[in-house]
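Trainee: Attaching a predicted model along with its sequence, questions to come.
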Amino acid sequence: MKSTNQSSKVKYIAYLGIFALAIAFPYISPNRYYLTVVTLGFIYAIAVYGLNLIVGYLGQLSLAQAGFFGMGAYTSGLLSLKLGLSFWLSLPIAAAATTLLALLVGLISFRTRGHYFVILTLCIGVIIHLVIEKWDSLTGGVRGLIGIPIPTSIGPIAFKSLESQYYLVLAFLILTIFVMSRIASSLVGRTFKSIRNSEELAATLGINVMKSKLLAFGIAAFFTGIAGALFSSYIRFLGPEIASTHLTFEFLLFLLIGGQATIAGPLVGTLLASAITESLQFMQEYRMVVFGALLILIVKFFPGGLVGATKTLKAKLEKRVNQGKKSGTNLPSKGESHAAKNRGFN
Amino acid sequence: MDLLIQQIFNGFTLGSIYCLVALGLTLIYGIMQVPNFAHGHLYMVGGYVTFFMMTLYGINYWLSAIIAGVVLAVLGILLERIVFNPMRNSPSTNKFIAAVGAMMFLEAAARVLWGSDFRSIPAIYDNVVMIGGVRLTEQRLIIIAGAVILMVALYVFLKHTLIGSTIEAMAQNRDGASLVGIDVNRVAMLTFAVASILASAAASLSGPIFLVYPAMGSLIIMKVFVIIVIGGMGSIPGAVLGSFILGMTESLGATYISSDYKDVIAFAILVLILSLRPSGLFAKGGH
């Protein structure tokens, strides 16, 4: 009991430390370039949290996520550019519109299962991309949207500087992580996981599978829409390629590197992959060659990603330490280690 | 009227290309139960090999196509060994992701090696045959004839040769097939080889009309997925029928509806079909 208390205290301190680091980052970052990279990484991470809910917790591989990201970005961008709406109005509208679209997509696609679901969502993502690209009069087609305004200031807080935009994005990221961790530990989260493990079993237990799937899909799209809206006001230029399946695959990569079905995974994976991408800039062309191969290696050898692998390692270490304590020595005899192994299985 | 006949002919050409790629995809699905996302990229590599054989080494068109087929067969086998065979017992989501990884790898590799330019396989059969008011270019006739010949060859191979029938046997029942002494690994490699050859042939045939570029695989793979979903995944007659349905719809849709949105049509059909029949048009039931 005491040790779990202690470990939760350690965790608490670690969280505080990470939080302090995130707050202090603009001041300790050696140059503005890193700040830009991290801000963009945070925006993507918000979308990856959405994907994590669908792929990690619900166990459904949706490949329409970049489409939703594009939907959020273009809705917000168009509203503020063409109607002159304030960012604080266009962001919630974009999130709501994306959620609505996702619910519609979900109603159709969750009637299918397995391979059909993956292919159908992939096709829906492509449709969204193509519509954005071809609807020239509204979206500017391949030329894109230029000159999207930065977020309007609220009272004395303006978002002109890079630092202030960093904090804005950080605030949304923290909100996302908070909501996601609450969902993960709630009954709803466990409902999602039960669907991932077995849809038939979940249905037998009285879970409304369709409703739960739609809920997860809607929440994921809501955050993806927010990420899209943040992207549009941060980058201030939108091209149709942000809705292409390439971005979906990148999100998937970020998620898998970090670790699916974990709370830290999406952030860790996104930041790490962004950092690698930026440091490999001189070999930009080879980037996807490396990442493609990496994706295969990860699903084969580390399906839990970095966070998953750390957890496994930690569990192994703890087991060893516990064994050591019980037998009074650091090297347990063979019989005891067998017993411990058996306990582990139970 | 002439326009209609012309578009039907073009639809047939398009359908023939789709058909060759779709047949390979559906064969692999039948054996591995995994949608091979990288299949369109095998088609792309096939196009490039043909192109380089002709332009760099000056080899004639047909020989280049055959060399491309051989190269692709090897690539297909490698893909099976390196990516799909080790993932045999993984959850299906992980298999998809591995296939996506293979796809990203192949496309990026093509960009690195050959650049992002659009290239065109030199056309050697560019005469036009006029029947009534309809223009039939020789290359398009070759595409249709080539596809028909390959389809017949595939049929004979699967139904009338011992080694071909092992593929069907394994698609029907994996355990049963290994019980009667069929080497499951060998059949998987064979299937990948055959499927890759078909994809390569499709690229060699269509290269002089459509262009060769690294992203050409991404678009065709999605269309081919639409086809095998329409036709029922794993079904060979379904894949053939689906290909021609899609080829026709696209060709007529581009003319009579909107050429801007012609690529959307395919996906819209799929969404429509799956909303009405969630397990495909000709689903064999229970997968």
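Mentor: Nice, thanks for sending it over.
Trainee: Quick one: the helices in the stretch 151-300 of chain A, in order.
Mentor: In order along the chain, the stretch 151-300 of chain A carries the following helices (DSSP state H, counting those that start in this stretch): A:162-185, A:187-197, A:199-204, A:209-235, A:245-258, A:265-279, A:287-301.
Trainee: Let me have the ones you listed in TSV, extended by mean neighbour count and distance to residue B:206.
Mentor: In short, each C-beta sits where N, CA and C put it, glycine included. Output for these, formatted as TSV (neighbours: other CB atoms under 10 Å in any protein chain shown; distance: least, CB to CB, whole Å):
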stretch	mean neighbour count	distance to residue B:206
helix A:162-185	17	45
helix A:187-197	17	41
helix A:199-204	13	41
helix A:209-235	24	36
helix A:245-258	24	22
helix A:265-279	21	34
helix A:287-301	20	25
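Trainee: Mean pLDDT for these - can I get that in a markdown table?
Mentor: Putting the helices of the stretch 151-300 of chain A into a markdown table (pLDDT from 0 to 100) gives the following:
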| stretch | mean pLDDT |
| --- | --- |
| helix A:162-185 | 91 |
| helix A:187-197 | 92 |
| helix A:199-204 | 90 |
| helix A:209-235 | 94 |
| helix A:245-258 | 89 |
| helix A:265-279 | 87 |
| helix A:287-301 | 84 |
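Trainee: and chain B, which of the ones you listed is closest to it?
Mentor: Closest approach to chain B among the helices of the stretch 151-300 of chain A (CB to the nearest CB): helix A:287-301, 3.0 Å.
Trainee: Can you check which of the helices of the stretch 151-300 of chain A gets nearest to residue A:85?
Mentor: Nearest to residue A:85, of all the helices of the stretch 151-300 of chain A, is helix A:209-235, at 11.2 Å by CB to CB.
Trainee: got the angle for the closest one vs helix A:187-197?
Mentor: Per axes from the mean of the first three to the mean of the last three CA atoms, to 10 degrees, the angle that helix A:209-235 makes with helix A:187-197 is 110 degrees.
Trainee: sorry, back to before: just send the helices of the stretch 151-300 of chain A back as CSV, with distance to chain B too.
Mentor: Written out in CSV, the entries for those read as follows (distance: least, CB to the nearest CB, whole Å):
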stretch, distance to chain B
helix A:162-185, 18
helix A:187-197, 9
helix A:199-204, 13
helix A:209-235, 12
helix A:245-258, 6
helix A:265-279, 13
helix A:287-301, 3
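Trainee: Throw these into CSV and include distance to residue A:312, thanks.
Mentor: Written out in CSV, the entries for the helices of the stretch 151-300 of chain A read as follows (distance: least, CB to CB, whole Å):
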stretch, distance to residue A:312
helix A:162-185, 19
helix A:187-197, 18
helix A:199-204, 25
helix A:209-235, 26
helix A:245-258, 15
helix A:265-279, 14
helix A:287-301, 12
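Trainee: Which one of those helices lies nearest to residue A:68?
Mentor: Nearest to residue A:68, of all the helices of the stretch 151-300 of chain A, is helix A:209-235, at 4.3 Å by CB to CB.
Trainee: pretty sure residue A:219 is in contact with residue A:53, am I right?
Mentor: Yes. Taking contact to mean CB atoms under 8 Å, the distance of 6.1 Å between residue A:219 and residue A:53 places them in contact.
Trainee: which neighbours do those two share?
Mentor: The overlap between the contact sets of residue A:219 and residue A:53 (CB atoms under 8 Å, 6 or more residues apart in numbering or on different chains) consists of residue A:183.
Trainee: For residue B:270, find the nearest of the helices of the stretch 151-300 of chain A.
Mentor: Using CB to CB as the criterion, the shortest distance between residue B:270 and the helices of the stretch 151-300 of chain A is 14.9 Å, found for helix A:245-258.
Trainee: Just list what the closest one packs against, helices and strands only.
Mentor: Contacts defined by 3 or more CB pairs under 8 Å, 6 or more residues apart in numbering or on different chains; DSSP states H and E place helix A:245-258 against helix A:32-51, helix A:65-82, helix A:114-134, helix A:265-279, helix A:287-301, helix A:305-327, helix B:92-114.
Trainee: Quickly note the distance from the residue in chain B sticking out farthest from the centre to chain A.
Mentor: Here the centre of chain B is the reference, and by CA atoms, centre = their mean the most remote residue is residue B:132, at 32.1 Å. Taken as CB to the nearest CB, to the nearest Å, the spacing of residue B:132 relative to chain A amounts to 34 Å.
Trainee: Quick one: neighbours of residue 97, just the number.
Mentor: Since no chain was named, I'll use chain A. Using other CB atoms under 10 Å in any protein chain shown, the number of residues around residue A:97 comes to 21.
Trainee: Can you look at chain B instead?
Mentor: Here the count is done by other CB under 10 Å, and residue B:97 has 28 residues near it.
Trainee: Then the one 3 residues further on?
Mentor: Applying other CB under 10 Å, we find 25 other residues in the vicinity of residue B:100.
Trainee: Sketch out the low-pLDDT regions of chain B for me.
Mentor: Using pLDDT under 70 as the threshold, the predicted model of chain B has low-confidence ranges B:282-287.
Trainee: let's see 80
Mentor: Across chain B, the stretches falling below the confidence threshold (pLDDT under 80) are B:1-2, B:91-93, B:123, B:125-127, B:130-135, B:232-234, B:257-263, B:266, B:277-287.
Trainee: Mind jotting down where the helices sit in it?
Mentor: B:2-32, B:39-57, B:61-79, B:92-114, B:138-160, B:162-172, B:174-179, B:184-206, B:216-231, B:236-256, B:262-276 (DSSP state H).
Trainee: As CSV, those with distance to chain A would be great.
Mentor: What follows is those, written out as CSV (distance: least, CB to the nearest CB, whole Å):
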stretch, distance to chain A
helix B:2-32, 8
helix B:39-57, 10
helix B:61-79, 10
helix B:92-114, 3
helix B:138-160, 22
helix B:162-172, 15
helix B:174-179, 17
helix B:184-206, 16
helix B:216-231, 5
helix B:236-256, 12
helix B:262-276, 4
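Trainee: From chain B, how far out is the residue minimising distance to the centre of chain A?
Mentor: If you average the C-alpha coordinates of chain A and look for the closest C-alpha using CA atoms, centre = their mean, you land on residue A:48, 1.8 Å from that point. Computed as CB to the nearest CB, the residue A:48 to chain B distance reads 14 Å.
Trainee: any chance you could read off phi and psi for the residue farthest from the centre of chain B?
Mentor: Phi and psi for residue B:132, reported as degrees, to the nearest 10, are phi 60, psi -130.
Trainee: can I assume it is in contact with residue B:2?
Mentor: Yes. Using CB under 8 Å, residue B:132 makes contact with residue B:2 at a distance of 6.7 Å.
Trainee: Deepest-packed of the helices and strands packed on helix A:245-258, please.
Mentor: Of the helices and strands packed on helix A:245-258, the one with the most neighbours on average (mean count of other CB atoms under 10 Å in any protein chain shown) is helix A:65-82, at a mean of 27.
Trainee: For the helix or strand that that one is followed by, which helices and strands make contact with it?
Mentor: Moving toward the C-terminus from helix A:65-82, the next helix or strand (DSSP states H and E) is helix A:87-109. Helix A:87-109 is packed against helix A:65-82, helix A:114-134, helix A:209-235, helix B:262-276, with contacts defined by 3+ CB pairs under 8 Å, 6+ apart.
Trainee: buried ones in helix A:87-109?
Mentor: Neighbour counts using 16 or more other CB atoms under 10 Å in any protein chain shown place A:87, A:90-91, A:93-95, A:97-99, A:101-102, A:105-106, A:108-109 of helix A:87-109 among the buried residues.
Trainee: that older thread, Provide a list of residues in contact with the residue farthest from the centre of chain B.
Mentor: Taking CB under 8 Å, 6+ apart, we find residue B:132 in contact with B:2, B:5.
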